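# Predicted model, plus sequence, below.
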Amino acid sequence: MILFCAIAAASSPEPVYSWVHISEVVGRRLPADPLERRRVIEEKLQTASGHRRGRLLRESSDLLVATSDKLWFEELRRVDESWALGDAFELETEAADALRDEALRRYERSIELGGRGVAAARLAAGLIRRERRELPAARAHLASVVDGHAPRRLRRTAAVELGELEYDAGDVDSALRAYGEAAVLSGADDLQAYASYRVGWCQFTLGDLEAARASLIRASRGSRDQALAVEARRDAIRVAAQIGVADALEVVDRLCEDDACVSEERERLADVLDDGGRGEAAEEVRALDR
């Protein structure tokens, strides 16, 4: 499986992988004077109420996440340098984690107040809850974005993240439904193709090989990302080989646009057949390029 941008809480036993970074979800970058901007927001919050207070809470949350990220990256760079020098090191993330905790509290308070930007706040809160392995709360936030009237880009992102959550939790049926929501929503990024790729894996896991083959072909042909396209193409051939050699050869033809690709993927198919103990079928496939 291809791993995209990783977001990990320090207390997590292993990383939580996400397609997007929280800062990308909210569209906020760390300003040149983050401390001064946060001071201005805090002053305004003392008298603000209603939707205006919610907007200020969301902006302050975005800045807290961006500052947390900056501390994380600085700490990771320090650890890398210590490791390269052979020095002892310990990952110290208390300050970054505290900023994220406060951001989460503010996101969820801003959600209660409503107004424009609530969907982005829900998505950001869902991602932070997922980082912390607080799955019921993460699920509730993400599902509310998928099922609501959020902008398409937020719905697609939330649907993929919800699919990742459910798949990791072992609920493949729920994951398939979530990925399926994202797979029908187009956008300027490669998220739709990735969703189709994950739909294919869910279908494969559930034993629907023909549907999985079709989804993986769709992911490969629709991906702008070459690494994802190659991965989907390889998996489509592996799945099709389990249905039949003729079917797998047809998939090769559908995936490839030139003879070099056809020869390469036929050889890959032959290797798959060899690995499965089907040497005679593998030899028949190799004979096609002699």
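Right, received. Where do you want to start?
# All the helices of the protein, residue numbers only.
Assigned by DSSP state H, the helices in the chain fall at 22-26, 34-45, 50-85, 94-113, 118-131, 135-147, 152-168, 172-183, 191-205, 209-222, 226-243, 245-255, 259-275, 279-287.
# Going by neighbour count, which residues of the third one are buried?
Neighbour-count burial for helix 50-85 flags 53-69, 71-72, 75 (criterion: 16 or more other Cβ atoms under 10 Å). Glycine gets a C-beta too; all of them are placed from N, C-alpha and C.
# cool, the fourth one as well?
Within helix 94-113, the residues scored as buried using 16+ other Cβ under 10 Å are 96-97, 99-100, 103-104, 106-108, 110-111, 113.
# between those residues, which is closest to L185?
When the buried residues of helix 94-113 are ranked by distance to L185 (Cβ to Cβ), I111 comes first, at 22.6 Å.
# Could you double-check that the closest one sits in contact with A120?
No: using Cβ atoms under 8 Å, I111 is not in contact with A120; the gap is 10.2 Å.
# Leaving out the residues flanking it, which one is nearest to G115?
Using Cβ to Cβ, 6 or more residues apart in numbering and skipping residues adjacent in sequence, the residue nearest G115 is H51, 3.3 Å away.
# Run through the residues that contact the one you found.
By Cβ atoms under 8 Å, 6 or more residues apart in numbering, the residues touching H51 are 113-116.
# ok so, going back, so can I have JSON lines of the buried residues of helix 94-113 showing pLDDT?
Formatted as JSON lines, the buried residues of helix 94-113 follow (pLDDT from 0 to 100):
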{"residue": "A96", "pLDDT": "88"}
{"residue": "D97", "pLDDT": "90"}
{"residue": "L99", "pLDDT": "92"}
{"residue": "R100", "pLDDT": "92"}
{"residue": "A103", "pLDDT": "94"}
{"residue": "L104", "pLDDT": "95"}
{"residue": "R106", "pLDDT": "95"}
{"residue": "Y107", "pLDDT": "95"}
{"residue": "E108", "pLDDT": "96"}
{"residue": "S110", "pLDDT": "95"}
{"residue": "I111", "pLDDT": "95"}
{"residue": "L113", "pLDDT": "93"}
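# Export those as a markdown table, with columns for distance to A124.
Formatted as a markdown table, these follow (distance: Cβ to Cβ, whole Å):
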| residue | distance to A124 |
| --- | --- |
| A96 | 16 |
| D97 | 16 |
| L99 | 13 |
| R100 | 10 |
| A103 | 8 |
| L104 | 8 |
| R106 | 10 |
| Y107 | 6 |
| E108 | 10 |
| S110 | 10 |
| I111 | 10 |
| L113 | 15 |
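# so which of these would you say is closest to W83?
Taking Cβ to Cβ as the measure, W83 lies nearest A96 of those, at 18.9 Å.
# How about the contacts made by the residue lying closest to that closest one once chain neighbours are set aside?
Nearest non-adjacent residue to A96, counting by Cβ to Cβ, 6+ apart: L71, 4.0 Å away. By Cβ under 8 Å, 6+ apart, the residues touching L71 are 93, 95-96, 99.
# Quick check: which ranges of the protein have low pLDDT?
Along the chain, the model assigns pLDDT under 70 to residues 1-21, 23-29.
# residue contacts, R254?
Neighbouring residues of R254 by Cβ under 8 Å, 6+ apart: I217.
# Same check on A211?
Applying Cβ under 8 Å, 6+ apart, one finds that A211 lies in contact with 200, 203.
# Renumber starting at 8 from here on
OK, 8 is where the count begins now, so the last one is A218.
# how much space between it and A176?
Look at A218 and A176: by Cβ to Cβ, to the nearest Å, they are 22 Å apart.
# Likewise for V206?
Applying Cβ to Cβ, the value for V206 to A176 is 17 Å.
# One more: E271?
37 Å.
# now D69
Distance, D69 to A176, by Cβ to Cβ: 28 Å.
# what do you get for A239?
Here A239 is placed at a distance of 24 Å from A176 (Cβ to Cβ).
# Of the two, give the one with the bigger neighbour count.
Taking neighbours as other Cβ atoms under 10 Å, A239 and A176 compare with A239 leading, 28 against 12.
# which residues does the more buried one contact?
The contact partners of A239, taken as Cβ under 8 Å, 6+ apart, are 200, 203-204, 207, 223-224, 226-227, 230.
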